[in-house]
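Asks: No sequence on hand, only this structure:
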């Protein structure tokens, strides 16, 4: 059994206290500053591309940030119905639990709006088309077709990685655009509470399931990781023509290959490694199966 002190009453109270509005973060005079990077280098990893100059690295950082907005908006769109379905199946009994889950769902709906609004601000300021993977509906359908425990583990993974993206990577970086930094901060503030709720959701979905079922759910989680790995590899390839169009730079075949491989690995850390290796996520997995925790600890470094 995982040792924690998470309680629905405390989580609900905290969520209500830190609640914020999208309008306070973006829109009006709150615009993106394209003279500054949006993502921290630990996520963007543009510096290793030595054939790019300073301005070109900044453009690539911005393109990666556009992908970040899109991908997080995409995952929020399957998290929302999953949370709603989980709340609906447990409406009787614990009213505080129901309120906490509905608060969770409402905040995920707000996050969808948040990422879409930032996306529109980006398009207005960047001026070059950036293609994205998808469509989101198809990806969401593929995710939600899995065992609910597999999906809950993926969602806990996603919520855990937002801590790495802000607390470990962004909070102390004074070079970043303040608006994008604010996005990462406010997203993390609520996702920190969601991670607690999802920890409780994973526990509830695992109750009474035999070891073989837990193993199948973990296999499903890894399958979902493979789905996302393929998607971000495609996203890294989509980012190259956007970069060429935005900079007018002609890349050699070798440079294209290096950029695609290096940026795929950067995105593997951003979306897979940073969540899979998070201590809280591994603790939840270890409570289900110590063997699977060890397996993930062995797998995670390939996504670093």
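Replies: Done, it's in. Predicted model only: the values in this text are computed from it and were never measured. Residues are numbered from 1 along each chain as shown.
Asks: what about stretch 123-138, how long is it end to end?
Replies: With CA to CA, to the nearest Å as the measure, stretch 123-138 spans 24 Å from end to end.
Asks: buried set for that stretch?
Replies: 126, 128, 130, 132, 133, 136 (16 or more other CB atoms under 10 Å). (Each C-beta comes from the backbone N, C-alpha and C, glycine too.)
Asks: I'd guessed residue 68 sits against residue 270; true?
Replies: Yes - with contact defined as CB atoms under 8 Å, residue 68 counts as touching residue 270 (7.4 Å).
Asks: For those two, list the residues in contact with both.
Replies: residue 43 (CB atoms under 8 Å, 6 or more residues apart in numbering).
Asks: before we move on, back to that, when you compare pLDDT across the buried residues of stretch 123-138, which one is lowest?
Replies: Among these, residue 136 has the lowest pLDDT, at 91.
Asks: mind listing what the residue nearest to residue 126 when sequence neighbours are not counted touches?
Replies: Counting by CB to CB, 6 or more residues apart in numbering, residue 62 is the residue found nearest to residue 126 once chain neighbours are left out, at 6.3 Å. Counting by CB under 8 Å, 6+ apart, residue 62 makes contact with 34, 37, 38, 122, 126.
Asks: Narrow these to those that are buried.
Replies: Counted by 16+ other CB under 10 Å, those give 37, 38, 122, 126 as buried.
Asks: Specify the local secondary structure of the second one.
Replies: Put plainly, it is residue 38. Three-state assignment for residue 38 (DSSP: H, G, I helix; E, B strand; the rest coil): coil.
Asks: number of nearby residues for the closest residue in space to it that isn't next to it in sequence?
Replies: The spatially closest residue to residue 38, leaving aside those adjacent along the chain, is residue 65, at 3.6 Å (CB to CB, 6+ apart). The burial count assigned to residue 65 is 24, neighbours taken as other CB atoms under 10 Å.
Asks: Was I right to think residue 65 contacts residue 43?
Replies: No - assessed by CB under 8 Å, residue 65 is found out of contact with residue 43, at 9.0 Å.
Asks: re the thing from before, and the residue nearest to residue 38, what element?
Replies: Using DSSP states H and E, residue 65 maps to helix 54-88.
Asks: quick check, distance from the following helix or strand past that helix to the centre of its chain.
Replies: Sequence order places helix 95-126 as the next helix or strand after helix 54-88, per DSSP H and E. Its chain's average C-alpha position is 13 Å from that of helix 95-126, according to CA atoms, centre = their mean, to the nearest Å.
Asks: Can you name the next helix or strand after helix 95-126?
Replies: Where DSSP H and E defines the elements, the next helix or strand beyond helix 95-126 is helix 136-144.
Asks: Point out the other elements, helices or strands, that that next one touches.
Replies: In terms of contacts (3 or more CB pairs under 8 Å, 6 or more residues apart in numbering; DSSP states H and E), helix 136-144 is packed against helix 54-88, helix 148-163, helix 211-247.
Asks: tell me which residues in the longest one are buried?
Replies: Of the residues in helix 211-247, those buried under the neighbour-count criterion (16+ other CB under 10 Å) are 214, 217-218, 220-222, 224-225, 228-229, 231-233, 235-240, 242-243, 246-247.
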